[in-house]
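Undergrad: next input, structure requested:
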Amino acid sequence: MGNETLRFEEAMSKLETIVQKLESGEVPLEDAITLYKQGMELSAYCHGKLQDAEKQLISIIDNEGEPTPFNPATGQDTNG
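TA: Here you go, the predicted structure:
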């Protein structure tokens, strides 16, 4: 499908369009199967992008430019 070149927002928009088409119930079965497969691929792509973003955000840079572990559950660095 070439998802590697898609931006997250574009992939989400395409996924939303697919969901709307499938929910309408007016799509022939063969097309619905194809749309479902495309939707699953887009969903996996978006999930991966979100995981990558989370990994980047979990480590913050302190005033000295050193990476500091960050606990997203508490909103604080883990060093103190």
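Undergrad: what strand or helix carries the nearest residue in space to Lys14 that is not next to it in sequence?
TA: Leaving aside its sequence neighbours, Lys14 sits nearest to Leu42 (CB to CB, 6 or more residues apart in numbering; 5.7 Å). C-beta: built from backbone N, CA, C; applies to glycine. For Leu42, the enclosing helix or strand under DSSP states H and E is helix 29-58.
Undergrad: helices and strands around that helix, which ones?
TA: Judged by 3 or more CB pairs under 8 Å, 6 or more residues apart in numbering; DSSP states H and E, helix 29-58 is in contact with helix 8-24, strand 67-71.
Undergrad: highest average neighbour count across the ones you listed?
TA: Most buried of these by mean neighbour count (mean count of other CB atoms under 10 Å) is helix 8-24; its value is a mean of 14.
Undergrad: so how far is it from its chain's centroid?
TA: 13 Å (CA atoms, centre = their mean, to the nearest Å).
Undergrad: please save the CA atoms from that helix in CSV.
TA: Presented in CSV, the C-alpha positions along helix 8-24 are these (Å, rounded to 0.1, in the frame of the first residue of the first chain):
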residue,chain,number,x,y,z
PHE,A,8,0.1,10.0,10.3
GLU,A,9,-2.7,12.5,9.7
GLU,A,10,-3.1,11.3,6.1
ALA,A,11,-3.3,7.7,7.2
MET,A,12,-5.9,8.5,9.9
SER,A,13,-8.0,10.4,7.4
LYS,A,14,-7.9,7.5,5.0
LEU,A,15,-8.8,5.1,7.8
GLU,A,16,-11.7,7.3,8.9
THR,A,17,-13.0,7.3,5.3
ILE,A,18,-12.8,3.5,5.1
VAL,A,19,-14.6,3.2,8.4
GLN,A,20,-17.4,5.5,7.2
LYS,A,21,-17.8,3.5,4.0
LEU,A,22,-17.9,0.2,5.8
GLU,A,23,-20.4,1.5,8.4
SER,A,24,-22.7,2.8,5.7
